[in-house]
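Visitor: Could you work out the structure for the sequence below:
(chains A and B)
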Amino acid sequence: MSLIHRYQSKDLRIVLDINSGSIHLMDEVAYELLPFMEEGLSVEETVSRLAGSYSEDQIRSAWSECRDLADSRMLFTKDIYEPAIDAYTQNRQPVVKALCLHIAHDCNLACRYCFASEGEYHGERALMSFETGKKALDFLVANSGARKNLEVDFFGGEPLMNWKVVKELVGYGRSLQESHGKNFRFTLTTNGTLLNDEIMDFCNREMGNVVLSIDGRQEVHDRMRPFRGGQGSYERILPKFLRFAELRNQERYYVRGTFTHYNLDFSKDVLHLADLGFKQISMEPVVAPETEDYAIRREDLPRILEEYDKLADEMIRREKEGRGFTFFHFMIDLTGGPCVYKRLSGCGSGTEYLAVTPAGELYPCHQFAGEEDFLMGNVEEGIQRPDLVEKFGSLNVYTRPSCQDCFARFYCSGGCAANAFHFTGDLKGNYEIGCQLQRKRIECAIRIKAALSE
Amino acid sequence: MEHIRTLNTKSLQTTVKKGGCGECQTSCQSACKTSCTVGNQSCEHK
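Guide: Below you'll find the model as predicted:
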């Protein structure tokens, strides 16, 4: 496969050197000669191939610049990471560093796309007890080895339906920190309906991040996120989210939406949230089987890709005008991003990251909760299925066949194992719609950086 | 350079030796929960 990814957008010719992460903006002649150089043609042969379009001087000088980059390992860099990842995954201590605590398998909304089946996760409605939560935190501390930073996300269902236990568990976690040399990073994901000042104050003191679920325009939101009685939830939550975001100084939160087949013009929903004043915005494509009416279908892809471009254009414009905002899926940290180990070994589900149900059962992640084949153990006895840990631990970019020729593999780390499994029946499979969208988002993220670097 | 402008990026090769401490954020604990996005995360040791 090619060692570079080239794409053009507006007047930018962008070249990503896949294995070094270097990004080059090129003029036409340099951009056009790259395939010949990669093919192994000499400069003379390239001159003759491009003679009709560019002067010999132009071709030779562009060639020489590309050559210099290649010599500096910034162009046509080879993938040298596979042995390092093998050694890393085989030798690493099996530690757990993050838990998704399903503090409530119950919800007061009936969101149509909910993968948790309105909070119940294929099981009974249930709330996690303080005792079970405590054991979960003890399990985390006991299995975290030398890791200092431990992450606990209060998730649901709707976690505020079990708020008292959330508060108690935060207190308990804090009490363990000093004696065990740990630092808990708590986060909360909420639909907002039950938010009040007391909860916001507590979260602002204790939660490193809060994820606030809202889908954008009122009609879009209310269509998919009604109360159980059918009435929309937008008007109830919006004032609370606006206040919450302000109280957090527009930092360390996301308003997070889901877009579906019904709002393929989702850039309008993102901009709606931005126009309301939110600065940290996430909007994810729904993940659902094609049999659902709201599912993203293959034929929706061209439209969605175009929407991402539209959104990128508008974000560049707003940023230049000094009124920019963050869109989670276009965030890319070019100078301080993660190391190759993180980039290649995935999200850590089933190894470093586990989900805990209200009954204290352990699953590889929140998306597997309730699927018996993936029940890994429980907070009292710990992991009972080391085979599953091994299986998930072996997932990385090199063990997924479809990642081998994908330029985006250093940015998605092989994608979501749950999506792969649910769409293909194989943890090493690939969810093709998700992959196509991911590639586009990375192109847009890089393009935004490029456009703003001028 | 006359034909090429290179953005400032961190070279992935240099992270082979120093990386792998595992202290960075788990990707699904940020805002996704249905996709896998690591490229946008930050290293704890930058």
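
Visitor: where exactly do the helices run in the stretch 101-250 of chain A?
Guide: Using DSSP state H, counting those that start in this stretch, the helices of the stretch 101-250 of chain A run over A:130-142, A:163-180, A:197-206, A:218-224, A:234-247.

Visitor: same check, this time on chain B
Guide: B:15-18 (DSSP state H).

Visitor: Low-confidence stretches in it?
Guide: Applying pLDDT under 70 to chain B flags the ranges B:46.

Visitor: In it, which residue sits nearest chain A?
Guide: B:G19 (2.5 Å; Cβ to the nearest Cβ). Just so you know, the C-beta spots here come from the backbone N, C-alpha and C atoms, and that holds for glycine as well.

Visitor: Phi first, then psi, for the closest residue in space to that residue that isn't next to it in sequence.
Guide: Among residues not flanking B:G19 along the chain, A:C339 sits closest, at 2.5 Å (Cβ to Cβ, 6 or more residues apart in numbering or on different chains). Dihedral angles of A:C339 (phi, psi; degrees, to the nearest 10) stand at phi -70, psi 170.

Visitor: so who does A:C339 touch?
Guide: Taking Cβ atoms under 8 Å, 6 or more residues apart in numbering or on different chains as the criterion, A:C339 is in contact with B:12, B:15-16, B:18-20, B:43.

Visitor: Turn these into JSON lines, including neighbour count.
Guide: Putting these into JSON lines (neighbours: other Cβ atoms under 10 Å in any protein chain shown) gives the following:
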{"residue": "B:L12", "neighbour count": "25"}
{"residue": "B:T15", "neighbour count": "22"}
{"residue": "B:V16", "neighbour count": "18"}
{"residue": "B:K18", "neighbour count": "10"}
{"residue": "B:G19", "neighbour count": "20"}
{"residue": "B:G20", "neighbour count": "18"}
{"residue": "B:C43", "neighbour count": "19"}
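
Visitor: For A:F325, state which of those residues is nearest.
Guide: Using Cβ to Cβ, B:C43 comes nearest to A:F325 of the contacts of A:C339, at 23.8 Å.

Visitor: roughly how far apart are the closest one and A:Y341?
Guide: For B:C43, the distance to A:Y341 equals 11 Å [Cβ to Cβ, to the nearest Å].

Visitor: what sits in contact with each of these two?
Guide: With Cβ under 8 Å, 6+ apart as the test, B:C43 and A:Y341 both reach B:15, B:19.

Visitor: thinking again about what came up before, my guess is the residue of chain B closest to chain A contacts A:K342, does it?
Guide: Yes: between B:G19 and A:K342 there is a contact under Cβ atoms under 8 Å: 7.1 Å.

Visitor: so what sits against both of the two?
Guide: B:C43.

Visitor: What residues does A:R343 make contact with?
Guide: A:337, A:397, A:409-411, A:413, B:12, B:38-39.

Visitor: swap in A:E371?
Guide: By Cβ under 8 Å, 6+ apart, A:E371 lies in contact with A:122, A:363.

Visitor: cutoff 10 Å now
Guide: A:121-122, A:363-364, A:418, A:421-422 (Cβ atoms under 10 Å, 6 or more residues apart in numbering or on different chains).

Visitor: returning to that earlier point: which of the helices of the stretch 101-250 of chain A sits closest to chain B?
Guide: Set against chain B and scored by Cβ to the nearest Cβ, the helices of the stretch 101-250 of chain A come closest in helix A:130-142, at 12.0 Å.

Visitor: how about that closest one, does it get close to chain B?
Guide: No: if you take Cβ under 10 Å from any Cβ of the partner chain as the test, helix A:130-142 misses chain B, and the best it gets is 12.0 Å.

Visitor: Counting neighbours, what do you get for residue 3?
Guide: In the absence of a named chain, chain A is used. For A:L3, the neighbour count with other Cβ atoms under 10 Å in any protein chain shown is 17.

Visitor: You answered for a different chain; I wanted chain B.
Guide: 21.

Visitor: do you know how far it is from A:L242?
Guide: 48 Å.

Visitor: all strands of chain B, in order?
Guide: B:4-6 (DSSP state E).

Visitor: What's the mean pLDDT across stretch A:269-278?
Guide: Averaging pLDDT along stretch A:269-278 gives 98.

Visitor: Dump that stretch to PDB, keeping only the CA atoms.
Guide: Provided in PDB are the C-alpha atoms of stretch A:269-278 (Å, rounded to 0.1, in the frame of the first residue of the first chain):
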ATOM      1  CA  ASP A 269     -27.600  20.800  14.600                       C
ATOM      2  CA  VAL A 270     -23.900  21.300  15.500                       C
ATOM      3  CA  LEU A 271     -24.200  25.000  14.500                       C
ATOM      4  CA  HIS A 272     -27.500  25.300  16.400                       C
ATOM      5  CA  LEU A 273     -25.700  24.200  19.500                       C
ATOM      6  CA  ALA A 274     -22.800  26.600  18.700                       C
ATOM      7  CA  ASP A 275     -25.200  29.500  18.100                       C
ATOM      8  CA  LEU A 276     -26.800  28.800  21.500                       C
ATOM      9  CA  GLY A 277     -23.300  29.500  23.000                       C
ATOM     10  CA  PHE A 278     -22.000  26.000  23.600                       C
END
